[in-house]
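Asks: here you go, sequence then predicted model.
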Amino acid sequence: MRQITGAAWILAIWIVWTPSARAAEHAEGDISPQAATQKTYSSGNPDNTALARRDARYHLCPSDVIEVTFPFTPEFNRTISVGPDGFAAFPGAGDVRLGDLTTAESAEAIGKAYAGILHEPMVSVELKDFNKPYFVVTGKVIRPGKYDLRGQTSAAQAIAIAGGFNDDARHSQVLLFRRVNDDWFEVRPINMKRILEGRDVNEDPIVQTGDMLVVPQNTISKIKKFIPSSGLGAYYQP
């Protein structure tokens, strides 16, 4: 791997990368809220939780919206968003940490929080809205931005979704930033020029949720403003 230095790339990471990247990595595929399975917790039947955990595929993260239902005490029903810190406030039970929990685990956590005021509370948690898998393309492309990741998408396809390269893009050194953990990113240079020419098609990586592709400016474009227009032909032959 090549080490990328310079304030420009560091700035690009902090501007473009959003905190939801880490949370989105918990999702497997493009899940829809309608397809999310409703999970139930009963303090008197712990086997329900064990069965639900085997089916869980999504972990809650900040800004997710859940519907919490108490079948026998509907006055406690509510639709609530997970806060930026991963907690959600419940009347009578206080703040409950739901971040990084599945819907089954969230139902269990909420049930335990209400166990002090309700007798063997039953709680159902249904995912209503969530952070969808995404990727980011920035730099010298037509439409830089954040895009939903739908199915298997290669780096070349991701750039095409962003409108393709600008005229002053450097095709031969596209940078793929991929989060390794909370503190580190893996940076991989991609020679997209060779891939698009059909010479290194096997080197076109599959984009993962949270990935960021940075397309830098080519060298000629960087120095072009310093070259007198009358002498441009002598220095640059496109």
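Replies: Now that the structure is in, tell me what you want to look at. Numbering: from 1, shown residues only.

Asks: counting neighbours, which bits of stretch 97-114 end up buried?
Replies: Residues of stretch 97-114 classed as buried under the neighbour-count rule (16 or more other Cβ atoms under 10 Å) are 97-99, 101-111, 113-114. The C-beta positions use only the backbone N, C-alpha and C, and glycine is treated the same way.

Asks: let me fix that, I meant to ask about stretch 139-149.
Replies: Residues of stretch 139-149 classed as buried by neighbour count (16+ other Cβ under 10 Å): Gly139, Lys140, Val141, Pro144, Lys146, Leu149.

Asks: separation between the fifth one and Asp211?
Replies: In this structure, Lys146 and Asp211 are separated by 11 Å, where distance is defined by Cβ to Cβ, to the nearest Å.

Asks: mind telling me what element the residue nearest to Ile142 when sequence neighbours are not counted is part of?
Replies: Computed as Cβ to Cβ, 6 or more residues apart in numbering, the closest residue to Ile142 that is not its neighbour in sequence is Gly163, at 2.7 Å. Using DSSP states H and E, Gly163 falls within no helix or strand.

Asks: list just the nearest of the buried residues of stretch 97-114 to Phe70.
Replies: Tyr114 (7.9 Å; Cβ to Cβ).

Asks: distance of the closest one relative to Asp168?
Replies: Separation of Tyr114 from Asp168 (Cβ to Cβ): 59 Å.

Asks: before we move on, back to that, name the residues contacting each of Lys146 and Asp211.
Replies: Residues touching both Lys146 and Asp211 by Cβ atoms under 8 Å, 6 or more residues apart in numbering: Phe135, Val136.

Asks: domain assignment for the chain?
Replies: Domain ranges of the chain: 7-23+133-235, 33-129, per automatic domain parsing.

Asks: turn these into CSV, including mean pLDDT.
Replies: Below are the domains of the chain laid out as CSV (pLDDT from 0 to 100):
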stretch, mean pLDDT
domain 7-23+133-235, 80
domain 33-129, 80
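
Asks: what about the buried residues of stretch 97-114, which are in helices?
Replies: Of the buried residues of stretch 97-114, the ones assigned to helices by DSSP state H are Thr103, Ala104, Glu105, Ser106, Ala107, Glu108, Ala109, Ile110, Gly111, Ala113, Tyr114.

Asks: which one among those gets closest to Val180?
Replies: Glu105 (25.3 Å).

Asks: what segments of this protein are helices?
Replies: Along the chain, the segments classed as helices by DSSP H run 7-16, 20-24, 47-55, 103-114, 155-161, 192-196, 219-224, 232-235.

Asks: buried ones in the fifth one, by neighbour count?
Replies: Counting neighbours by 16+ other Cβ under 10 Å, one finds that the buried residues in helix 155-161 are Ala155, Ala156, Ala158, Ile159, Ala160, Ile161.

Asks: again with stretch 125-139
Replies: In stretch 125-139, counting by 16+ other Cβ under 10 Å, buried: 125-127, 130-139.
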